[in-house]
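1. What shape does this take:
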Amino acid sequence: MELDLVIQNGTIIDGTGRQRYRADLGLKGGRIEAIAAGERLSAPNTIDATGLIVAPGFIDIHSHADWILPLPDHAEILAPLVLQGITTVVAGNCGFSPAPVTPETTGRIDAISKMLRDREFPYRWGTFSEFLAKLESDRLALNAAFIVGHGNLRALVLGGRSSAPTPEEMETLRRLVCESLQGGAFGFSAGLAYAPGVFAKNEELLALLHVVAEMGGIFTVHGRAYSWVSPFYSPMFFGAAHNLRSVRELIALARQAGVRLELSHQIFVGRRTWRTYPAVLKEIDRAREAGLDVAFDAFPYTVGNSTINVVFPEWFLDGFHQNISDPKALKRLKREIDLLQL
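-> Numbering: from 1, shown residues only. As a prediction, the model looks like this:
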């Protein structure tokens with residue numbers, strides 16, 4: 001067998017759940033051609049992996065790298081991912097994606113994506129398929145799967161308006177979801193604690209999720225609440241913990257639409273929220289046992305980062321630029337945030 005490269009003496013963990021084992025791994029043309037335990041493979045080029053783990057590339061399933069990959073220096077910026085073994089990213093999460101866009105709406109998309117960028121962004125496409133084609137022609141440093149963002153589509157069609165879409169706007173939103181998935185989007189994401197996703201009612205989401213389900217896409221979602229109490233549910237201090245209400249709400253939406261569901265960064269914010277984890281996990285388990293294709297991702301540490309806007313209630317985000325300068329609005333906001341007691 002002719003091989004280009006052999007990784008020798010490594011301990012293989014293949015991701016299937018099988019126990020780790022010692023073996024040589026042979027590659028040809030950039031692909032795995034042979035795995036040999038108990039015998040030596042040979043090739044013109046070898047890497048001695050004694051004492052090291054050999055594993056498939058890791059997949060970062062919650063990334064915002066779609067705001068970096070179109071940049072000419074993206075390989076340098078994302079090099080730390082590759083050095084940690086990440087070879088694939090899933091981008092377009094939390095309702096934010098760089099496509100689709102039009103020359104008239106780049107300002108709107110810029111406004112909602114400020115927290116994801118640190119420079120002027122080069123929109124060199126219109127549709128989602130054009131976005132993917134441009135990245136393909138530029139050649140990427142990593143493999144990538146892309147999701148179309150609800151916040152992007154809402155800004156595109158409704159501008160900064162907080163009210164529900166008209167029937168005509170709803171049809172435009174549904175058409176854009178369909179076109180984006182046909183154009184190569186892996187699924188549809190929403191960020192229900194960020195503007196403009198925070199303004200979306202369940203009726204709006206359900207109408208779009210039916211399209212996602214019909215297209216075989218997945219729904220990834222940043223829920224309305226990740227803490228036991230939040231500005232997003234009433235009454236504030238009675239009934240189920242707000243993060244549990246959020247999970248129940250999203251599971252119900254997915255069940256109604258018949259869509260696969262990924263609960264993004266299913267975290268428990270604040271020590272008072274930690275005690276809710278058994279109920280939340282039980283709710284997800286029950287949904288899976290009932291036949292819903294639902295999963296979640298989480299980061300393995302007790303800190304995180306986001307925009308300060310994520311703790312602001314819907315009423316404050318609606319007219320944010322006026323409210324941030326209004327003493328009465330700020331006084332009301334402070335009173336509500338003080339009540340959260342995370």
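2. in the stretch 51-200 of the chain, which spans are helices?
-> With helices called from DSSP state H, counting those that start in this stretch, the stretch 51-200 of the chain shows them at 74-77, 79-83, 106-112, 128-138, 150-158, 167-182.
3. Report the buried residues of the last one.
-> Using 16 or more other CB atoms under 10 Å as the burial criterion, the residues of helix 167-182 that qualify are Glu169, Met170, Thr172, Leu173, Arg174, Leu176, Val177, Cys178, Ser180, Leu181. (Each C-beta comes from the backbone N, C-alpha and C, glycine too.)
4. that older thread, which stretch in the helices of the stretch 51-200 of the chain is the model least sure about?
-> Lowest mean pLDDT within these: helix 106-112, a mean of 91.
5. what's that one packed up against?
-> helix 150-158 (3 or more CB pairs under 8 Å, 6 or more residues apart in numbering; DSSP states H and E).
6. that older thread, as JSON lines, the buried residues of helix 167-182 with distance to Gly216 would be great.
-> Formatted as JSON lines, those follow (distance: CB to CB, whole Å):
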{"residue": "Glu169", "distance to Gly216": "25"}
{"residue": "Met170", "distance to Gly216": "21"}
{"residue": "Thr172", "distance to Gly216": "22"}
{"residue": "Leu173", "distance to Gly216": "19"}
{"residue": "Arg174", "distance to Gly216": "16"}
{"residue": "Leu176", "distance to Gly216": "17"}
{"residue": "Val177", "distance to Gly216": "13"}
{"residue": "Cys178", "distance to Gly216": "12"}
{"residue": "Ser180", "distance to Gly216": "13"}
{"residue": "Leu181", "distance to Gly216": "8"}
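7. And the residues you listed, which is closest to Ala34?
-> Each of those was checked against Ala34 using CB to CB; the closest is Leu181, at 37.7 Å.
8. right, and that closest one touches Arg174 too?
-> No. Leu181 is not in contact with Arg174 according to CB atoms under 8 Å; the separation is 11.1 Å.
9. you'd agree Thr220 is in a helix?
-> No. Thr220 is assigned strand when assessed by DSSP: H, G, I helix; E, B strand; the rest coil, not a helix.
10. That one reaches Val148, doesn't it?
-> No. Thr220 is beyond contact range of Val148, at 10.5 Å (criterion: CB under 8 Å).
11. what touches both of those two?
-> By the contact definition CB atoms under 8 Å, 6 or more residues apart in numbering, Thr220 and Val148 are jointly contacted by Gly187, Phe188, Ser189.
12. Please tell me how far the nearest residue to the first one once chain neighbours are set aside sits from Ile47.
-> This means Gly187. Excluding the flanking residues, the one nearest Gly187 by CB to CB, 6 or more residues apart in numbering is Ile218, at 3.7 Å. Distance of Ile218 to Ile47, given as CB to CB, to the nearest Å: 36 Å.
13. what are the bridge partners for the residue nearest to Gly187, then?
-> Gly187, Arg260 (DSSP bridges).
14. Provide the count of other residues in contact range of it.
-> Other residues within reach of Ile218, judged by other CB atoms under 10 Å, total 21.
15. Could you find the closest non-adjacent residue to Glu283?
-> Closest residue to Glu283 apart from its sequence neighbours, by CB to CB, 6+ apart: Val247 at 5.3 Å.
16. The helix or strand encompassing the one you found packs against which elements?
-> Here Val247 sits within helix 242-257, counting by DSSP states H and E. Helices and strands touching helix 242-257, by 3+ CB pairs under 8 Å, 6+ apart, are helix 202-214, strand 218-222, strand 260-263, helix 277-289.
17. Now render these as TSV, adding mean pLDDT.
-> As requested, these are exported to TSV (pLDDT from 0 to 100):
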stretch	mean pLDDT
helix 202-214	98
strand 218-222	98
strand 260-263	98
helix 277-289	98
